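Asks: how would this look folded up:
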Amino acid sequence: MKTIASQDLALALLIAAGTALGLFSSHIHAHGVIGKRFLPATITVDDPFVADEASFVVGHRKLPQEESAGGAGGGDEAGAPAATSGAHTTTFATELSKRITPDLGISLGAAYKRVRPDDGTVAQYGFDNLGLGIKYQVIKNAEHEAIVSVGVDADLGGTGSSRVGAESFSTISPAIFYGKGFGDLPDGMKYLRPLAITGIVAPELPTRRSEPDRLNWGFTVQYSLQYLQTYVRDVGLGAPFNRMIVLIEVPVKTCLSGACSGQTTGTVNPGVMWFGKYMQVALEAAIPLNRRSGRDVGAFLQFHWFLDDMFPKGIGKPIFP
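Replies: Below you'll find the model as predicted:
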């Protein structure tokens, strides 16, 4: 399961397989539940679960000039000083994820973008590059609310429009995904039990040699009011607050080679999420991490459907259960 790629919301999805490292016994349910913990599909940092799901995200940010122009290296341009002008970019992104087996999943995604430059030129419209991929859940431990997955994702160069910054080259990203809830903390720290973290470590390797490599190391910090109310203490929260998660996503990339080597870009995305039996809704701000990442605050709105719960005997079950 993958949510939206960092920075400009261009969806980068997965294409190759990972190999199992070892398997801890536990039972894991669909759409991000392990033990008593629900870890949601977040917007800009890919979560570690595979599931049958569908997502739709609307995002808007004013991107720095190099980033919005789709210059060398793609979305996180870091080869020149941060631009003072750029483009207002609105993205409509969708993704469909499907389980092949209970632990192996594939995904397909696309994004349509509107890019309005600050210099007064005509706004450009078009699709970003398509993404495909696969992810495998390797380590699952319900008692400690922990999961690790491996996979590879790819942005398929040439499948989108260069008018909106889609690159002509592809980018391949082998990845490790992780998630950990803190429900195993002692009683003296019980109010920290609703906390959880997820994250990704993934080198991004372009197929064009002249383009720099990057490291995607985004992460999230989450505090589940549902976990607090249900498993720690009944504090009297009613609907809709008893089904909410307060979270911060930090999608971050560091350039590993070329003129931009060592430079980091990203955003800090505080937000709130509500989840029910069949879907979740999330709203987040996007605050630039540094001047190289931009100067203006953006926003994301996510609608995410759990197809495995909506159609458990049909399209929502693994192909090979």
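Asks: quick one: the residue of the chain most remote from its centre from residue 243, how far?
Replies: Farthest-out residue of the chain from its mean C-alpha position, per CA atoms, centre = their mean: residue 188, at 32.9 Å. The gap separating residue 188 from residue 243 is 27 Å, by CB to CB, to the nearest Å. Placement of C-beta: from N, CA and C, glycine included.
Asks: re the thing from before, pretty sure the residue farthest from the centre of the chain belongs to a helix, no?
Replies: Yes. Assessed with DSSP: H, G, I helix; E, B strand; the rest coil, residue 188 lies in a helix.
Asks: got the contact list for the residue lying closest to residue 237 once chain neighbours are set aside?
Replies: Take residue 237 and drop its neighbours on the chain: the residue closest to it by CB to CB, 6 or more residues apart in numbering is residue 229, 5.0 Å away. Counting by CB atoms under 8 Å, 6 or more residues apart in numbering, residue 229 touches 235, 237, 242.
Asks: Return a PyMOL selection command for the buried portion of those residues.
Replies: Listed next is the PyMOL selection for buried residues among the contacts of residue 229, using 16 or more other CB atoms under 10 Å:
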select buried, resi 242
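Asks: just curious, which of the contacts of residue 229 is nearest to residue 136?
Replies: Nearest to residue 136 among these is residue 242, at 33.5 Å by CB to CB.
Asks: Wait, the closest one touches residue 225, no?
Replies: Yes. Judged on CB atoms under 8 Å, residue 242 makes contact with residue 225 at a distance of 6.4 Å.
Asks: ok, back up a step: columns distance to residue 41, secondary structure and pLDDT on top of the contacts of residue 229, output as a markdown table?
Replies: Converted to a markdown table, the contacts of residue 229 look like this (distance: CB to CB, whole Å; DSSP: H, G, I helix; E, B strand; the rest coil; pLDDT from 0 to 100):
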| residue | distance to residue 41 | secondary structure | pLDDT |
| --- | --- | --- | --- |
| 235 | 26 | coil | 95 |
| 237 | 23 | coil | 94 |
| 242 | 20 | helix | 96 |
